[in-house]
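> 3D, please:
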Amino acid sequence: MKTLVTSILSFAFAASLGSAVLAQEATPANGAAPAHHAESETPHYPLKEPKEEEWTFAGPFGHYDKGQLQRGLKVYTEVCSACHSMNLVPFRMLDELGYSEAQVKAFAANYEVQDGPNAAGEMFSRKAVPSDHFPAPFPNAEAAAASNNGAAPPDFSLIAKAREVERGFPQFVFDIFTQYQEGGPDYIHALLTGYEEPPAGFQVAQGSHYNPYFHAAAVLAMPKPLSDGQVTYDDGAPATVDQYSRDVSAFLMWAAEPHLEERKRTGFMVMIFLAIFTVLIYLTKRSIYANKEH
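Numbers count the residues shown, from 1 in each chain. Below you'll find the model as predicted:
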């Protein structure tokens, strides 16, 4: 048994070293396609792996920073909502960000939604109420694609859970024990801050933009959406691209998993119960078989 465990640990250590070497070879410093790929082969994307950022909602006792979520909402409404919808998020959920009922109603009233039909059988527009969802900026996917270089912007409701870079073996094994679940926010932050000039000799088609952190290619249709000083925060937080990216990434994580804090509290209580239950089972077994011959 000891030999088996030693062999497994040795294999895991060797695999981790091999993964690190391959990752270093696969991602050149300039973000270009890996050198060992032939011209006819497709390089592995993203060209650069997102870094692990620090989030308040990380770990078993993680929680959302309501101030950060409010800033992220501001970035979304002033920048992202021009192209990206959040069809699955109702306005009423904004009270979880620390807003009062009156503030949520006032916020929803800034939007118009289509309703109906009325008595004449016609659809009509009205001001949104808290029970409505965030309206989409385009009437359909075709209109969205036509306005964005042929690529329809994805819905942001679950984007923080849908976009995640595979970490490979043995890292995903370690993630089980560290409870790493922030791949989505890490990816969004890296993408928003990762726009850069393409390496020498790299051809970027017109209407495309180089970003080595994009998960599907080296370029994407979305131009750099954020710039320093673009959004003014009410709480005096830095008006930088990095801060905007962190805040909107945290907000999108909340939109995708609004009950994260409750889930983690429940999970912690379950683990405490299982630990106590295990001890009781062990003591019961000791008590029952204490006076029996083996």
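> in the stretch 51-200 of the chain, which segments are predicted with low confidence?
Scanning the stretch 51-200 of the chain for pLDDT under 70 picks out no residues.
> So which residues of it form helices?
66-78, 101-108, 141-146, 159-162, 171-178, 183-193 (DSSP state H, counting those that start in this stretch).
> Give me the neighbour count for the closest residue to residue 68 other than its chain neighbours.
Nearest non-adjacent residue to residue 68, counting by CB to CB, 6 or more residues apart in numbering: residue 250, 4.9 Å away. C-beta: built from backbone N, CA, C; applies to glycine. Around residue 250 there are 25 other residues, counting by other CB atoms under 10 Å.
> which SSE is residue 250 in?
Assessed by DSSP states H and E, residue 250 sits inside helix 241-256.
> what's the angle from that helix to helix 66-78?
100 degrees (axes from the mean of the first three to the mean of the last three CA atoms, to 10 degrees).
> and the helix or strand just after helix 241-256, how far from the chain's centre?
Stepping forward along the backbone from helix 241-256, the first helix or strand reached (DSSP H and E) is helix 260-289. The chain centroid and the centroid of helix 260-289 are separated by 32 Å under CA atoms, centre = their mean, to the nearest Å.
> got the buried residues for helix 260-289?
Going by neighbour count (16 or more other CB atoms under 10 Å), the buried part of helix 260-289 is 260, 261, 264.
> same question, stretch 163-183
Buried residues in stretch 163-183, defined by neighbour count with 16+ other CB under 10 Å: 163, 164, 165, 167, 170, 171, 180, 181, 182, 183.
> How far away from the center of its chain is that stretch?
On the basis of CA atoms, centre = their mean, stretch 163-183 is displaced by 13 Å from the centre of the chain it belongs to.
> pull the CA atoms of that stretch into CSV?
Presented in CSV, the C-alpha positions along stretch 163-183 are these (Å, rounded to 0.1, in the frame of the first residue of the first chain):
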residue,chain,number,x,y,z
ARG,A,163,-16.7,31.1,-19.8
GLU,A,164,-13.9,29.2,-18.1
VAL,A,165,-10.5,28.1,-19.3
GLU,A,166,-9.7,24.4,-18.8
ARG,A,167,-6.8,24.1,-16.4
GLY,A,168,-5.8,20.5,-17.2
PHE,A,169,-4.2,17.7,-15.2
PRO,A,170,-3.0,17.8,-12.4
GLN,A,171,-4.3,21.4,-11.7
PHE,A,172,-8.0,20.4,-11.8
VAL,A,173,-7.2,17.8,-9.1
PHE,A,174,-5.8,20.4,-6.8
ASP,A,175,-8.8,22.7,-7.6
ILE,A,176,-11.0,20.0,-5.9
PHE,A,177,-9.3,20.6,-2.6
THR,A,178,-8.8,24.4,-2.9
GLN,A,179,-12.4,24.8,-4.1
TYR,A,180,-11.3,27.0,-7.0
GLN,A,181,-14.5,28.1,-8.8
GLU,A,182,-13.5,31.6,-10.0
GLY,A,183,-12.3,30.6,-13.5
